[in-house]
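Trainee: What follows is a predicted protein model with its sequence.
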Amino acid sequence: DVKVTQSSRYLVKRTGEKVFLECVQDMDHENMFWYRQDPGLGLRLIYFSYDVKMKEKGDIPEGYSVSREKKERFSLILESASTNQTSMYLCASSLRGDTQFYGYTFGSGTRLTVV
Amino acid sequence: GNSVTQMEGPVTLSEEAFLTINCTYTATGYPSLFWYVQYPGEGLQLLLKATKADDKGSNKGFEATYRKETTSFHLEKGSVQVSDSAVYFCALIQYSSASKIIFGSGTRLSIRP
């Protein structure tokens, strides 16, 4: 069964820590995405990547960075975690050229709490 | 710009009731339309899709028809179950959008036994 795997379901970090959220997909997808989900705000795109070593800012990139050194792995980095980054983080992937037919495949999410 | 508007939640229904969750969109050209479902504590799953006007997507008893004349893609189910309790997201993608899907804000559905 093809899937997107996020390394942690729950994470608690302290303010000021550097936090890494990992996402791995086994579908050979070119496109990968990071969203955060907050009550009343829906899904907001943080960063996305169309290929290895490529990255594009989404709608809310401030306070985040990303890394894509291998096609299957897309990491989200919180350089200095703050309490307003407490959220559910969702990773997704899709096949270039087929997204309009098949949409995204999502991971199960990482619920991050910054204290 | 492109956007998706879906009905505010939460929506609470009794088991076996008829469900409609409204979704309208704004887009140029001919987008593909999706409904995603998010069960408690999980990520989003693709529920159904339609890629051109008048297409009907269906899955697990849910249906939605792509209506270009009303720019709508309403989700319906004839008889809901407790297990349908989840958050439902309407979404669109345009071919020219470089693979970026635009999501609605989500509608929480709760089904009473």
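Mentor: That came through fine.
Trainee: any residue of stretch B:71-79 up close to chain A?
Mentor: No - counting by Cβ under 8 Å from any Cβ of the partner chain, chain A has no neighbours in stretch B:71-79; the shortest distance is 13.3 Å. C-beta here means a position set from N, CA and C on the backbone, and glycine is covered the same way.
Trainee: any idea how far that stretch is from the chain center?
Mentor: Mean-position distance between stretch B:71-79 and its chain equals 7 Å (Cα atoms, centre = their mean, to the nearest Å).
Trainee: With stretch B:55-70 instead?
Mentor: 9 Å.
Trainee: what comes up buried for that stretch?
Mentor: B:57, B:62, B:63, B:64, B:65, B:66 (16 or more other Cβ atoms under 10 Å in any protein chain shown).
Trainee: Show me what counts as buried in stretch A:98-115.
Mentor: Result for stretch A:98-115 [16+ other Cβ under 10 Å]: buried residues A:99-100, A:103-112, A:114.
Trainee: Equivalent analysis for stretch B:49-56, please.
Mentor: B:49, B:50, B:51.
Trainee: Restrict the buried residues of stretch A:98-115 to those that also contact chain B, please.
Mentor: Applying Cβ under 8 Å from any Cβ to the buried residues of stretch A:98-115, those adjacent to chain B are A:99, A:100, A:103, A:104, A:105, A:106, A:107, A:108, A:109.
Trainee: what sits against the residue nearest the centre of chain A?
Mentor: Centrality entry for chain A: nearest residue to the mean C-alpha point is residue A:34, 2.7 Å, by Cα atoms, centre = their mean. Residue A:34 is in contact with A:21, A:23, A:45-48, A:58, A:64, A:66, A:74, A:76, A:89-91, counting by Cβ atoms under 8 Å, 6 or more residues apart in numbering or on different chains.
Trainee: ok, which stretches of chain A are helices?
Mentor: Along chain A, the segments classed as helices by DSSP state H run A:99-102.
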